[in-house]
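Asker: okay, sequence plus prediction incoming.
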Amino acid sequence: MNRINQKLQEDKKILSIYFSAGYPNLNDTVQIIQDLEKNGIDMIEIGLPFSDPLADGPTIQASSTQALHNGMTTQILFDQLENIRESVKIPLIIMGYFNPILQYGVEEFCKKCAAIGIDGLIIPDLPVDVYAEQYKETFEKYGIINVFLITPQTSDERIEFIDSVSNGFIYMVSSASVTGSQSGFGNTEESYFERIANMNLKSPQVIGFGISNKETFNQATKFAKGAIIGSAFIKHLSEKGTGNIAEFVKAIR
């Protein structure tokens, strides 16, 4: 069974962390992953930096740009992660835009992910219908889970289609804005979380965008299986460096 599915079966709320590979420094990637696991993080999303991000707020964009300046590429990321499964057991997901994956070759990319122990991909700009028609077979051949995003604007019909194509979790975007731009959830978000929870989808939901502290983590996980923190963790890395990860995690849990 895929590590993502195993984790989703655990009787606990999942805390997932996103960071940009190659940030703050090119070779920090593995150390950050190891330290996150050591401090009890359940799942990690490794951002593959891209020069033209759509959904990323200023914090993630800046870290992505810095990582590219540092020299991060798809191949370098794969090289860095070559032996990651010797030290890390939790699910690892690569989150990136479709263009670099297409350039690498979709099948080759999936094959490489499987070889080094990447469990899933999140590709915000790959439409679910295109995936279902053209790429689903390839992903499944290599045991790679593809995670789709839904927003408050996604229709119930579309959500049900995404649920039928999904074999992991659904990434629930908390609002229609870009990442990192909220400081708490109001009634609008809470009623959206509740509405999705009441749809009784087969795929668990994990909420991202706008989660930055204990309060927002608890708000999100009241209705969902877990939550993802990105911008707040990257801010922490840029202010405190890679040596204080324990302090960040303690403040959330």
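Answerer: That came through fine. All of these numbers come straight from a predicted model, not from anything done at the bench.
Asker: which outside residues touch the longest helix anywhere in the chain?
Answerer: Longest helix of the chain, by residue count under DSSP state H: helix 58-70. For helix 58-70, contacts defined as CB atoms under 8 Å, 6 or more residues apart in numbering pick out 18-26, 47, 49-51, 53, 56, 179-180, 230-231, 234-235, 237-238. For every residue, glycine as well, the C-beta is placed using N, CA and C.
Asker: so after the helix or strand bottoming out on mean pLDDT in the chain, what's the next helix or strand?
Answerer: The helix or strand of the chain with the poorest confidence is helix 58-70; it has a mean of 83 (mean pLDDT, DSSP states H and E). Next helix or strand after helix 58-70 toward the C-terminus (DSSP states H and E): helix 74-80.
Asker: how far off centre is the longest helix of the chain?
Answerer: 16 Å (CA atoms, centre = their mean, to the nearest Å).
Asker: residue 202: neighbour count?
Answerer: 10 (other CB atoms under 10 Å).
Asker: how about low-confidence regions in the protein?
Answerer: 53-56, 176-183 (pLDDT under 70).
Asker: what are the boundaries of the helices in it?
Answerer: Using DSSP H, helices in the chain cover 3-9, 29-38, 58-70, 74-80, 98-104, 106-116, 128-130, 136-141, 156-165, 187-197, 214-221, 231-240, 245-252.
Asker: who wins for proximity to residue 171 among these?
Answerer: Among these, the nearest to residue 171 by CB to CB is helix 156-165 (9.8 Å).
Asker: tell me which other helices or strands the closest one touches.
Answerer: helix 128-130, strand 145-150, strand 170-173 (3 or more CB pairs under 8 Å, 6 or more residues apart in numbering; DSSP states H and E).
Asker: is it possible to export those to CSV including mean neighbour count and distance to residue 35?
Answerer: Conversion of these to CSV gives the following (neighbours: other CB atoms under 10 Å; distance: least, CB to CB, whole Å):
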stretch, mean neighbour count, distance to residue 35
helix 128-130, 14, 34
strand 145-150, 22, 23
strand 170-173, 24, 24
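Asker: can these go into TSV with extra columns for distance to residue 101?
Answerer: Below are the helices and strands packed on helix 156-165 laid out as TSV (distance: least, CB to CB, whole Å):
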stretch	distance to residue 101
helix 128-130	13
strand 145-150	11
strand 170-173	17
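Asker: among the ones you listed, which is nearest residue 111?
Answerer: The nearest among these, by CB to CB, is strand 145-150 at 14.8 Å.
Asker: which residues does the closest one contact?
Answerer: Contacts of strand 145-150 (CB under 8 Å, 6+ apart): 2, 4-5, 93, 119-124, 126, 128, 131, 135-136, 139, 158-159, 162, 165-173, 196.
Asker: let me see the contact set for the residue positioned nearest the centre of the chain.
Answerer: Central residue of the chain (CA atoms, centre = their mean): residue 45, 3.9 Å from the mean position. By CB under 8 Å, 6+ apart, residue 45 lies in contact with 16, 17, 18, 19, 93, 94, 95, 122, 228, 230.
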